[in-house]
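Visitor: take this sequence and fold it.
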Amino acid sequence: MPPVFAHGRLRLYLLKLLDEAPRHGYEIIRLLEERFQGLYAPSAGTVYPRLAKLEAEGLVTHTTEGGRKVYSITAAGRAELADRQGELAELELEIRDSLAALAADIREDVRTVAGDLRREMREAARQVRASTAATDSVDYLADVKEEFRRAKEEWKEQARRAREESRRARQDAQTARRQARQAQEHAREEVLRIKERVQEQVRDHTRHGDWPTGLMEGVNALAQELGSLAGQGRGTPAPATPRPEWATADDALSKEPARDLDRLLDRFRDEIRDAARDHGVTPGQLAATRGELADAAARIGALLREGK
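Guide: This is a model prediction of the structure:
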């Protein structure tokens, strides 16, 4: 089967979709799936890197709304889209051709299965006729007809079971997608709760003494333990990764500790949320993350209470 998008074509089509309206990444994936009538849907690993590259080239930009990155086309992006109108028209034709090819493959599979079934039925009928010509035994013919009837009933039952298995598979897929969305929402809620808890602890610490050292150590510990949210379960060592720049930037501190803490936690939350959105979060990972967040909150609280 030919690819749905030729080389570089998906990039152009993403500009077209963002020219229609600002959208976040998952909305773009769902829109492509709808336009291909469910026959094709790109993965997050296909769409997000291309959006990031378009943004690096200045063709799109993003804002954060409700914890999600919403991408919009820039003036430079519209200019490129205008320059490539002819190529965009060709792309629309290619998409229709790809959709037709996908549908043709499905129809061919159905025809193949139906043809095999017809051949099997004709062979069974031929064997019945041959047996009838070879013997005048009424009882033997009755036995052959009964076997044929049983074979037909068995085939019907197998077809029914296949349809039921297909229905259950679709339901399981829908359940998995729903659980993934719920897991992402739970992860976001956990991050917000830990942020509020640490903010209150820092405000309390600030009223009793110097806060910068305890704050930076707490945030560094939180970043080190939860930097691999999307790919690590609790109790499994995370691979060594460099700390983000904000975790060690002492010059980012001001004379307003509470506001500085709020900004640091926003940076931490955005980094973890992006990792979860790009790689997905399973229920098991969410449960492990909850424990890591609670442990980190306890350690940061202890650091901030030192000196009281």
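
Visitor: the stretch 51-200 of the chain: strands as residue ranges?
Guide: For the stretch 51-200 of the chain, applying DSSP state E, counting those that start in this stretch gives strands covering 60-65, 68-73.

Visitor: any idea which of the ones you listed gets closest to Glu20?
Guide: With CB to CB, the closest approach to Glu20 among the strands of the stretch 51-200 of the chain belongs to strand 68-73: 9.1 Å. To be clear about C-beta, it is placed using only N, CA and C from the backbone, and glycine gets the same treatment.

Visitor: in the closest one, what counts as buried?
Guide: Across strand 68-73, burial judged by 16 or more other CB atoms under 10 Å covers Arg68, Lys69, Val70, Tyr71, Ile73.

Visitor: so what's Ala76 scoring on pLDDT?
Guide: With respect to pLDDT, Ala76 has a value of 94.

Visitor: measure it to Glu57 for me?
Guide: Applying CB to CB, to the nearest Å, the value for Ala76 to Glu57 is 8 Å.

Visitor: list residues touching both of the two?
Guide: In terms of CB atoms under 8 Å, 6 or more residues apart in numbering, Ala76 and Glu57 are not both contacted by any residue.

Visitor: let me see the mean pLDDT of stretch 266-277.
Guide: For stretch 266-277, mean pLDDT is 83.

Visitor: could you export that stretch as CSV, CA atoms only?
Guide: The C-alpha trace of stretch 266-277 is given here as CSV (Å, rounded to 0.1, in the frame of the first residue of the first chain):
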residue,chain,number,x,y,z
ASP,A,266,5.2,26.2,36.5
ARG,A,267,8.4,25.3,34.6
PHE,A,268,8.5,21.9,36.4
ARG,A,269,4.8,21.2,35.7
ASP,A,270,5.1,22.2,32.0
GLU,A,271,8.2,19.9,31.5
ILE,A,272,6.4,16.9,33.1
ARG,A,273,3.1,17.5,31.3
ASP,A,274,4.9,17.7,27.9
ALA,A,275,6.7,14.4,28.6
ALA,A,276,3.4,12.8,29.5
ARG,A,277,1.6,14.2,26.5
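
Visitor: tell me where the stretch 201-308 of the chain has helices.
Guide: 212-226, 257-279, 283-305 (DSSP state H, counting those that start in this stretch).

Visitor: indicate which one of those is closest to Ala41.
Guide: Checked against CB to CB, the stretch from the helices of the stretch 201-308 of the chain lying closest is helix 257-279, at 16.4 Å.

Visitor: buried residues, that closest one. List them.
Guide: Residues of helix 257-279 classed as buried: 257, 260-261, 264-265, 267-269, 271-273, 275-277 (neighbour count, 16+ other CB under 10 Å).

Visitor: and the gap between Leu261 and Tyr13?
Guide: Distance from Leu261 to Tyr13, by CB to CB: 42 Å.

Visitor: again with Thr112
Guide: 32 Å.

Visitor: likewise Ala82?
Guide: Here Ala82 is placed at a distance of 15 Å from Tyr13 (CB to CB).

Visitor: more neighbours, these two?
Guide: Tyr13 (20 against 10; other CB atoms under 10 Å).

Visitor: wait, doesn't that one sit right on Glu94?
Guide: No. Tyr13 is not in contact with Glu94 according to CB atoms under 8 Å; the separation is 9.7 Å.

Visitor: count of neighbours near Arg299?
Guide: Neighbours of Arg299 using other CB under 10 Å come to 15.

Visitor: before we move on, what about Leu14?
Guide: Neighbours of Leu14 under the rule other CB under 10 Å: 24.

Visitor: helix or strand for the residue nearest to it when sequence neighbours are not counted, which one?
Guide: Among residues not flanking Leu14 along the chain, Arg50 sits closest, at 6.0 Å (CB to CB, 6 or more residues apart in numbering). Taking DSSP states H and E as the criterion, Arg50 maps to helix 44-56.

Visitor: which elements pack onto that helix?
Guide: Under the contact definition 3 or more CB pairs under 8 Å, 6 or more residues apart in numbering; DSSP states H and E, helix 44-56 sits against helix 9-20, helix 25-35, strand 60-65, strand 68-73, helix 257-279.

Visitor: what about it, average pLDDT?
Guide: 90.

Visitor: now that helix against helix 9-20, angle please.
Guide: 70 degrees (axes from the mean of the first three to the mean of the last three CA atoms, to 10 degrees).

Visitor: for Asp278, give its distance to Arg188.
Guide: 14 Å.

Visitor: what's the weakest-modelled helix or strand in this protein?
Guide: Ranked by mean pLDDT, DSSP states H and E, the weakest helix or strand in the chain is helix 212-226, scoring a mean of 57.

Visitor: one step back: Glu90: which of the helices of the stretch 201-308 of the chain is closest?
Guide: helix 257-279 (31.1 Å).
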